[in-house]
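Visitor: need a structure here:
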Amino acid sequence: MERTPRGRFAPSPSGRLHLGNMLASLLAWLDARSLGGELLFRLEDLDPERSGADWARLMAEDLRWLGLDWDLGWPEEPVYAQGGRSGRYEAAFAELDSRGLVYPCWCSRAERLAASAPHPGEERPLGCRCRYYTEEEKLRQRRRPAAKLAVPDAVVSVTDGHYGLYAENLARGSGDFIVRRSDGVWAYQLAVSVDDMEMGVTRVVRARDLLTSAPRQKWLIETLGGAAPDYCHCPLLVSPEGRKLSKREGDLNMAELRRRYTPEGLCGVLAYLAGLIDRPEPVTPRELVPDFDWAKVPVEDVILPAWV
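Guide: Residues are numbered from 1 along each chain as shown. Predicted coordinates:
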């Protein structure tokens, strides 16, 4: 049976939404609505040190201010916040562990980064060294371990709705990845995969810097017995110097944008940057739905014009 199209907003409440976040959110909304589908709002507040209740509230307000609505989810339904879903991640973790796919990893962040970049021609076992520790070697470790997932030496491919075929050999590309940090916080890849599977998400629209995560998430969802969503990534909005816009840097965030624009005015700017209209004229999201087409959206990253 064909699934009802269901997209999602999935912001992390670590700062005010910026123009790039709003561009991706508008495209996610248009993608779902043009297919006659639903949207949910999921709050990705996994990390208690970086997440803030005020940022979460402002995110929901900013999306609604622009005219982007959703059919289910946070804040009306708190179960759509990752911070309260630890039990679901624990169940998925236990299932993966029972299959022998999880192992403890004592590597530091620097060591993990070094392990992901071998020298040309270097031969080494797949996975990090911790995967091959003996019981005696494990007992000698003093640091609290993270938990890593052992991925197969196999190619996993996704057909992205905007960028086309993207394939990766998981073991030889991104490699084994962390599913629970050493401080006990669940990692992004596990939480997002479990949530998309259990919340019935069929369409994932997000910025193209997350395209490399799609094969891992597809494999993880299917390993857990779920059906992976369709992925459709969009170009990044970058500064004139080519830097990705960031909440941390406060780049053109919604506090400033709401002072400078009406909702229709900002929607027109976003639609123009996305290639959906010829001029940055005021428009509502609903007025864009009938003519929405991914073929109009650029593939290359969009340089932020000086006039915005």
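
Visitor: alpha carbons only for contacts and neighbour counts from here, please
Guide: Fine.

Visitor: Where do the domain boundaries of the chain fall?
Guide: Listed by automatic domain parsing, the domain ranges of the chain are 6-85+194-303, 87-189.

Visitor: Show me the helices in the stretch 101-250 of the chain, by range?
Guide: Here the stretch 101-250 of the chain has its helices, by DSSP state H, counting those that start in this stretch, at 109-115, 135-139, 188-198, 214-223.

Visitor: Any idea how far apart the tips of stretch 34-51 sit?
Guide: For stretch 34-51, the first-to-last residue distance is 32 Å (C-alpha to C-alpha, to the nearest Å).

Visitor: Now render the helices of the stretch 101-250 of the chain as CSV, adding distance to V179 and mean pLDDT.
Guide: Rendered in CSV, the data for the helices of the stretch 101-250 of the chain read as follows (distance: least, C-alpha to C-alpha, whole Å; pLDDT from 0 to 100):
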stretch, distance to V179, mean pLDDT
helix 109-115, 14, 54
helix 135-139, 19, 90
helix 188-198, 5, 97
helix 214-223, 11, 98
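
Visitor: in the stretch 101-250 of the chain, which spans are strands?
Guide: 102-105, 146-149, 155-160, 164-169, 177-180, 203-207, 230-234, 237-238 (DSSP state E, counting those that start in this stretch).

Visitor: what's next to the fifth one, contact-wise?
Guide: The set of residues external to strand 177-180 that reach it, using C-alpha atoms under 8 Å, 6 or more residues apart in numbering, is F93, A146, A147, K148, L149, A150, V151, W186, A187, Y188, Q189, L190.

Visitor: Now the third one. Nearest residue, chain neighbours left out?
Guide: Spatially, and ignoring its direct neighbours in sequence, A147 is nearest to P104 (4.7 Å; C-alpha to C-alpha, 6 or more residues apart in numbering).

Visitor: Run a quick neighbour tally on that neighbour.
Guide: 18 (other C-alpha atoms under 10 Å).

Visitor: Could you report the separation of it from E137?
Guide: Look at P104 and E137: by C-alpha to C-alpha, they are 12 Å apart.

Visitor: same deal with E241?
Guide: From E241 to E137 the distance is 47 Å (C-alpha to C-alpha).

Visitor: my guess is S246 contacts L19, does it?
Guide: No - S246 is beyond contact range of L19, at 9.3 Å (criterion: C-alpha atoms under 8 Å).

Visitor: Can I get the strands of the stretch 101-250 of the chain in a markdown table including mean pLDDT and distance to I221?
Guide: Listed next are the strands of the stretch 101-250 of the chain as a markdown table, based on pLDDT from 0 to 100; distance: least, C-alpha to C-alpha, whole Å:
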| stretch | mean pLDDT | distance to I221 |
| --- | --- | --- |
| strand 102-105 | 96 | 15 |
| strand 146-149 | 96 | 13 |
| strand 155-160 | 98 | 12 |
| strand 164-169 | 98 | 16 |
| strand 177-180 | 95 | 13 |
| strand 203-207 | 97 | 13 |
| strand 230-234 | 98 | 12 |
| strand 237-238 | 92 | 29 |
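
Visitor: returning to that earlier point: if you count surrounding residues, which of S246 and L19 has more?
Guide: Between S246 and L19, counting by other C-alpha under 10 Å, L19 is the more crowded of the two (24 against 19).

Visitor: what residues are up against the more buried one?
Guide: Contact analysis of L19 by C-alpha under 8 Å, 6+ apart lists L237, L245, D251, L252, N253, M254.

Visitor: residues in contact with the first one?
Guide: Meaning L237. L19, G20, L23, K244, L245, D301, V302, I303, L304.
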